[in-house]
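> Give me a 3D structure for the following:
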Amino acid sequence: MNNAPAAERFVQAVPIDVSNLEAATAFWAAVTGGTFEASLNADCRESVLRCGTYLMLRQVSVDAPAKKPVHVDISVPNVSHALISVRSLGGHKVGKSKCGEHDSVFCLDPDGNDFCLVAA
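Okay, the predicted model is just below:
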(Lines give C-alpha, C1' and ligand atoms only; values in the text may rest on other atoms or scores of the structure.)
Protein backbone atom coordinates (compact mmCIF):
# COMPACT_ATOMS: atom_id res chain seq x y z
CA MET A 1 0.00 0.00 0.00
CA ASN A 2 1.37 3.41 -0.84
CA ASN A 3 1.66 6.22 1.64
CA ALA A 4 -0.77 8.59 -0.11
CA PRO A 5 -2.86 10.74 2.24
CA ALA A 6 -6.14 9.09 3.26
CA ALA A 7 -8.12 11.83 1.49
CA GLU A 8 -6.89 10.44 -1.85
CA ARG A 9 -8.17 6.93 -1.10
CA PHE A 10 -11.77 5.97 -1.70
CA VAL A 11 -13.89 3.14 -3.01
CA GLN A 12 -14.58 3.94 -6.65
CA ALA A 13 -17.04 1.18 -7.52
CA VAL A 14 -19.02 -1.53 -5.77
CA PRO A 15 -20.16 -4.20 -8.25
CA ILE A 16 -23.16 -6.34 -7.33
CA ASP A 17 -23.87 -9.50 -9.36
CA VAL A 18 -27.61 -9.94 -10.03
CA SER A 19 -29.71 -12.52 -11.87
CA ASN A 20 -32.45 -10.11 -13.05
CA LEU A 21 -31.07 -6.71 -14.02
CA GLU A 22 -34.41 -4.89 -14.30
CA ALA A 23 -35.72 -6.17 -10.95
CA ALA A 24 -32.38 -5.48 -9.24
CA THR A 25 -32.29 -1.97 -10.70
CA ALA A 26 -35.74 -1.22 -9.25
CA PHE A 27 -34.78 -2.74 -5.87
CA TRP A 28 -31.44 -0.92 -5.46
CA ALA A 29 -32.81 2.39 -6.79
CA ALA A 30 -35.53 2.30 -4.15
CA VAL A 31 -33.18 1.22 -1.35
CA THR A 32 -30.38 3.71 -2.12
CA GLY A 33 -32.46 6.54 -3.58
CA GLY A 34 -30.08 6.48 -6.55
CA THR A 35 -30.84 6.69 -10.24
CA PHE A 36 -29.35 3.88 -12.31
CA GLU A 37 -28.27 4.44 -15.90
CA ALA A 38 -27.13 1.98 -18.55
CA SER A 39 -23.36 1.73 -18.72
CA LEU A 40 -21.17 1.02 -21.74
CA ASN A 41 -21.81 -2.67 -21.10
CA ALA A 42 -25.44 -3.55 -21.90
CA ASP A 43 -25.50 -6.03 -19.00
CA CYS A 44 -24.74 -3.36 -16.38
CA ARG A 45 -26.47 -0.45 -14.71
CA GLU A 46 -24.67 2.06 -12.53
CA SER A 47 -25.46 4.85 -10.12
CA VAL A 48 -23.19 7.49 -8.62
CA LEU A 49 -24.06 7.61 -4.94
CA ARG A 50 -23.93 10.81 -2.88
CA CYS A 51 -20.44 9.93 -1.61
CA GLY A 52 -19.13 9.63 -5.19
CA THR A 53 -18.95 5.85 -5.22
CA TYR A 54 -20.38 3.98 -8.22
CA LEU A 55 -22.80 1.19 -7.39
CA MET A 56 -22.77 -1.17 -10.38
CA LEU A 57 -25.35 -3.89 -11.00
CA ARG A 58 -24.02 -6.67 -13.27
CA GLN A 59 -26.29 -9.22 -14.95
CA VAL A 60 -24.92 -12.76 -14.48
CA SER A 61 -26.48 -16.18 -14.86
CA VAL A 62 -27.68 -17.81 -11.64
CA ASP A 63 -24.96 -20.47 -11.87
CA ALA A 64 -22.17 -18.09 -12.94
CA PRO A 65 -18.88 -19.20 -11.38
CA ALA A 66 -17.79 -15.56 -11.09
CA LYS A 67 -20.81 -14.51 -8.96
CA LYS A 68 -19.38 -12.93 -5.84
CA PRO A 69 -21.16 -11.93 -2.64
CA VAL A 70 -21.08 -8.30 -1.65
CA HIS A 71 -22.03 -6.40 1.49
CA VAL A 72 -23.14 -2.76 1.44
CA ASP A 73 -24.10 -0.57 4.41
CA ILE A 74 -26.82 1.95 3.54
CA SER A 75 -27.34 4.99 5.74
CA VAL A 76 -31.06 5.76 6.13
CA PRO A 77 -32.97 8.33 8.22
CA ASN A 78 -35.32 5.69 9.65
CA VAL A 79 -34.46 1.97 9.66
CA SER A 80 -38.07 0.82 10.23
CA HIS A 81 -39.40 2.81 7.27
CA ALA A 82 -36.55 1.66 5.02
CA LEU A 83 -37.19 -1.97 6.00
CA ILE A 84 -40.83 -1.66 4.90
CA SER A 85 -39.59 -0.56 1.48
CA VAL A 86 -37.02 -3.38 1.32
CA ARG A 87 -39.70 -5.99 2.09
CA SER A 88 -42.14 -4.56 -0.47
CA LEU A 89 -39.43 -4.91 -3.13
CA GLY A 90 -38.66 -8.57 -2.42
CA GLY A 91 -35.81 -8.19 0.06
CA HIS A 92 -35.97 -9.35 3.65
CA LYS A 93 -34.54 -8.81 7.11
CA VAL A 94 -32.20 -11.49 8.38
CA GLY A 95 -31.63 -10.05 11.84
CA LYS A 96 -30.25 -7.23 13.93
CA SER A 97 -26.86 -5.84 13.00
CA LYS A 98 -24.24 -4.51 15.36
CA CYS A 99 -22.97 -1.50 13.47
CA GLY A 100 -21.48 0.60 16.26
CA GLU A 101 -24.02 2.42 18.39
CA HIS A 102 -26.46 2.94 15.52
CA ASP A 103 -29.79 1.18 15.03
CA SER A 104 -29.22 -1.24 12.16
CA VAL A 105 -30.60 -4.41 10.56
CA PHE A 106 -28.99 -7.06 8.37
CA CYS A 107 -30.93 -7.76 5.13
CA LEU A 108 -30.76 -9.69 1.86
CA ASP A 109 -31.77 -8.42 -1.56
CA PRO A 110 -33.77 -10.73 -3.88
CA ASP A 111 -30.47 -12.18 -5.27
CA GLY A 112 -29.15 -13.02 -1.79
CA ASN A 113 -26.64 -10.13 -1.60
CA ASP A 114 -26.41 -8.95 1.97
CA PHE A 115 -26.57 -5.38 3.17
CA CYS A 116 -27.31 -3.43 6.32
CA LEU A 117 -29.69 -0.55 6.81
CA VAL A 118 -27.99 1.77 9.30
CA ALA A 119 -29.61 4.74 11.04
CA ALA A 120 -27.99 8.00 9.93
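> From here on, just use CA atoms for contacts and neighbour counts.
Will do.
> Relative to F27, how far out is G33?
When distances are taken as CA to CA, to the nearest Å, G33 and F27 turn out to be 10 Å apart.
> Name the residue in these two with the higher neighbour count.
Comparing G33 with F27 by neighbour count (other CA atoms under 10 Å), the higher total belongs to F27, at 21 against 13.
> Now do the contacts for the residue nearest the centre of the chain.
Within the chain, one residue has its C-alpha closest to the average C-alpha position: by CA atoms, centre = their mean, that is V72, at 4.9 Å. Each residue near V72 by CA atoms under 8 Å, 6 or more residues apart in numbering is listed here: 114-116.
> Of these - the most surrounded one?
Using other CA under 10 Å as the neighbour definition, the contacts of V72 reach their maximum at C116, which records 25 neighbours.
> before we move on, the earlier item: with distance to L89, secondary structure and pLDDT as added columns, please give the contacts of V72 in JSON lines.
As requested, the contacts of V72 are arranged in JSON lines below (distance: CA to CA, whole Å; DSSP: H, G, I helix; E, B strand; the rest coil; pLDDT from 0 to 100):
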{"residue": "D114", "distance to L89": "15", "secondary structure": "strand", "pLDDT": "87"}
{"residue": "F115", "distance to L89": "14", "secondary structure": "strand", "pLDDT": "89"}
{"residue": "C116", "distance to L89": "15", "secondary structure": "strand", "pLDDT": "88"}
